[in-house]
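S.K.: Predicted model and sequence follow; I will ask about them next.
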Amino acid sequence: MSSIIAGRKIEVIKTYDGKYAREAFARMDDTALDQLAASLDLRANFFEEDIPQRTDEDYAEFLWEAMSESAREDGSVSSYFVVVDSDSAVTKELFVSPDWPAAEAYVKLISSAESALDTR
């Protein structure tokens, strides 16, 4: 999937590189982390008391572990979907998820946000 948003090329790429996925995850902002948490449906997959609060120090690590487990395809093989923002000079990873629909939903989310800004 590839979209042009405000002159930037936004695309979803699939990778099996866990290190790259971890680096992309570390660059995610709060909106992206919230979107990932929603896509992982944490409350359906974990006991409420096992889910750290958004403000807890270990929240991001908890999300990474939950996402990594969901990214497992077969045995030790994991795949990740990374949303990448490219302009003519810079490439920036914005979001990483264990599945295509969540990555696509994030692209739509940022597209909607950009559209809302354009109408002001």
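M.R.: On my side now, so go ahead.
S.K.: Name the next helix or strand downstream of the helix-or-strand element of the chain with minimal mean pLDDT, please.
M.R.: Least confident helix or strand of the chain, by mean pLDDT, DSSP states H and E, is strand 2-5 with a mean of 66. On the C-terminal side of strand 2-5, the closest following helix or strand by DSSP states H and E is strand 8-15.
S.K.: Show me what that next one is in contact with.
M.R.: Where contact means Cβ atoms under 8 Å, 6 or more residues apart in numbering, the residues beyond strand 8-15 that reach it are 1-4, 21, 79-87, 94, 100, 103-104, 107, 110-111. Placement of C-beta: from N, CA and C, glycine included.
S.K.: repeat that with 10 Å
M.R.: 1-4, 20-21, 24, 71, 78-88, 90-97, 100, 102-104, 106-107, 110-111, 114 (Cβ atoms under 10 Å, 6 or more residues apart in numbering).
S.K.: How far off centre is that strand?
M.R.: Strand 8-15 has its average C-alpha position 11 Å from the chain's average C-alpha position, going by Cα atoms, centre = their mean, to the nearest Å.
S.K.: Pairing partners for it, with directions?
M.R.: When pairing is defined by DSSP bridges, strand 8-15 lines up against strand 2-5 (antiparallel), strand 80-86 (antiparallel).
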